[in-house]
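1. 3D model of this:
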Amino acid sequence: MEDWSYPPSFDEAYRPPMDSAYWFPERETMPAAEREARILERLKEVCAYAYARAPFYRRKWDEAGFHPDALRTLEDFEEKVPVVTKADLRASQAAHPPFGDYLCTNERDVFHVHGTSGTTGLPTAFAIGTADWSAIANAHARALWAMGLRPGDLVCIAAIFSLYMGSWGALAGVERLGATAFPFGAGAAGMTARCAHWLARLKPRGFYATPTYALYLAEAAAGEGLDPRDFGIGKMFFSGEPGASIPAVRERLAQLYGAEIYDCGSMAEMTPWMHLAGTGGQGMLAWQDIAYTEVCDPKTMRRVPYGARGTPVYTHLERTSQPMIRLLSGDLALWTDDPSPCGRSYPSLPNGIFGRIDDMFTVRGENVYPSEIDAVLTNLPGYGGEHRIVITRSGPMDELLLRVEADADVDARGEEARRRLAESVRHAVRLLLGLGAAVEILAPGSIPRTDFKARRVVDDRELYRNLNAALDKGTGP
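-> Residues are numbered from 1 along each chain as shown. Below is the predicted model of the structure:
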């Protein structure tokens, strides 16, 4: 099996023949049962490695009564190895700064440091060794090869180059592939319109960003008198947020750019994040020989059957500096073992990552995922490209308010056209959720665009609760 060793060692000069459909033909097409037997042997190596080097894992596994020597089957791994949460990682780094006591290498061997922004708590630092960076680049190159990108293709990376791992991983993969990198970046004022002009000039074969940014870029291009279809982009791959696996969003992107759309990405902690990546069909494949993926029941952390929904749990099979072993994603996905048209024998996530469990909100007893509303609105004629989902409570019941931009045509046709769009939104949301929503139609461009992930949910119920508490105490207005 190609380069199947731990710690991994890759021939940096290797590339498959240009006419090969696969980067590693044997690894990507072998029978699933044979691959699982190999994965079990790799899991034994990974667990023994982490137990010997990381007090974090040794402590956690001792408390759970697990020792790597007891690992005999994949069922043992699932039943006996406890999951790791992001809170566990933050606590470890707070107690053992800066990288936590799950760092398995010497700090002097760290090649790159990335991390989370820390907007919802302490930031988490990712320590990536030189060998891990090579493994990340190799894994991403495999996924890009599967998408049809080849050495010499020009690939634009239109994502923020900061702590965010998505842009850096895409760059590493493009370079390893032997393609030509155009790391345009994102985030600075005025850059989106400039990006459109660069794309019109260079006509790249590939393009990476978040789905939200690609939609924003198409708007900016139109404002500059440019047609995104004239950019000549053949392959667009996305991560960072649900979207590229949602049919309405995927079809909208394909229509705007005339390109093939590929969804990919899991978690920054799990880089290479393209261990979940599309290959030409819908959704994503779980490249199990790069990072072992289990889709689990959120309550039991046991795998759900193929065809069922759950939360992905990931284990690195090629990382050595900060290996994640049964890291709980908190995302929501459905997986299947249906044959893939590309010939790879991995399980698939046909709907990709279509939400986060903690993004779900409940209104009047109904569980709502923002990505479902995103998909409905994207498919509506007259939708202007942005919206906000506002959950509020002015009385005893939760209320759902949708602030929705109209497109330029609806806005130009006046109040009656806006009223019909509002009614279409109400009807579509009622069919989807089984509950009513108030709708406000806004002028085009009313909602600020973002160069990164869209934050579309505003939960104002806490304001209502705080106001009532203040009134009860006699301290309110």
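2. Please give me every residue in contact with the residue nearest to Ile353 when sequence neighbours are not counted.
-> Computed as Cβ to Cβ, 6 or more residues apart in numbering, the closest residue to Ile353 that is not its neighbour in sequence is Asp331, at 4.8 Å. For glycine as for every other residue, the C-beta is placed from the backbone atoms N, C-alpha and C. The neighbourhood of Asp331, defined by Cβ atoms under 8 Å, 6 or more residues apart in numbering, consists of Ser266, Met267, Thr311, Pro312, Ile353, Gly355, Arg356, Ile357.
3. Ile448: neighbour count?
-> Let me fix one detail, which is that residue 448 is Pro and not Ile. 6 (other Cβ atoms under 10 Å).
4. so what pLDDT did it get?
-> You'll see Pro448 listed with a pLDDT of 81.
5. ok, the contacts of Asp331 vs Ser446, which is closest?
-> Nearest to Ser446 among those: Gly355, at 25.5 Å, using Cβ to Cβ.
6. Skip the chain neighbours and tell me the closest residue to that closest one.
-> In space, and not counting its chain neighbours, Gly355 is closest to Tyr369: 3.9 Å by Cβ to Cβ, 6+ apart.
7. Ok, His316 next?
-> Pro323 is the one closest to His316 (Cβ to Cβ, 6+ apart), at 4.5 Å.
8. check which helix or strand covers the one you found.
-> Under DSSP states H and E, no helix or strand contains Pro323.
9. Just give the number of residues close to it.
-> Pro323: 22 neighbours (other Cβ under 10 Å).
10. I'd like the distance between it and Ser371.
-> Between Pro323 and Ser371 the distance is 30 Å, computed by Cβ to Cβ, to the nearest Å.
11. Could you do Asp101 as well?
-> According to Cβ to Cβ, Asp101 stands 36 Å off from Ser371.
12. So those two - more neighbours on which side?
-> A direct count of neighbours by other Cβ under 10 Å for Asp101 and Ser371 places Ser371 higher, at 24 against 16.
13. And the helices in the stretch 151-300 of the chain?
-> 165-177, 191-202, 211-223, 247-257 (DSSP state H, counting those that start in this stretch).
14. Single out the most deeply packed of these.
-> Mean neighbours per residue, mean count of other Cβ atoms under 10 Å, is largest over those for helix 165-177, with a mean of 24.
15. still on that earlier bit, format the helices of the stretch 151-300 of the chain as a markdown table; extra columns: distance to Pro31.
-> Converted to a markdown table, the helices of the stretch 151-300 of the chain look like this (distance: least, Cβ to Cβ, whole Å):
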| stretch | distance to Pro31 |
| --- | --- |
| helix 165-177 | 27 |
| helix 191-202 | 42 |
| helix 211-223 | 34 |
| helix 247-257 | 30 |
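16. Just send these back as TSV, with mean pLDDT too.
-> Compiled in TSV, the helices of the stretch 151-300 of the chain are given as follows (pLDDT from 0 to 100):
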stretch	mean pLDDT
helix 165-177	96
helix 191-202	96
helix 211-223	92
helix 247-257	90
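17. Between those helices, which one is closest to Glu63.
-> Here helix 165-177 is closest among the helices of the stretch 151-300 of the chain (Cβ to Cβ), at 30.0 Å.
18. Give me the distance between the closest one and the centre of its chain.
-> Offset of helix 165-177 from its chain centre (Cα atoms, centre = their mean, to the nearest Å): 15 Å.
19. How far does stretch 383-396 sit from its chain's centre?
-> The answer for stretch 383-396 is 24 Å, by Cα atoms, centre = their mean.
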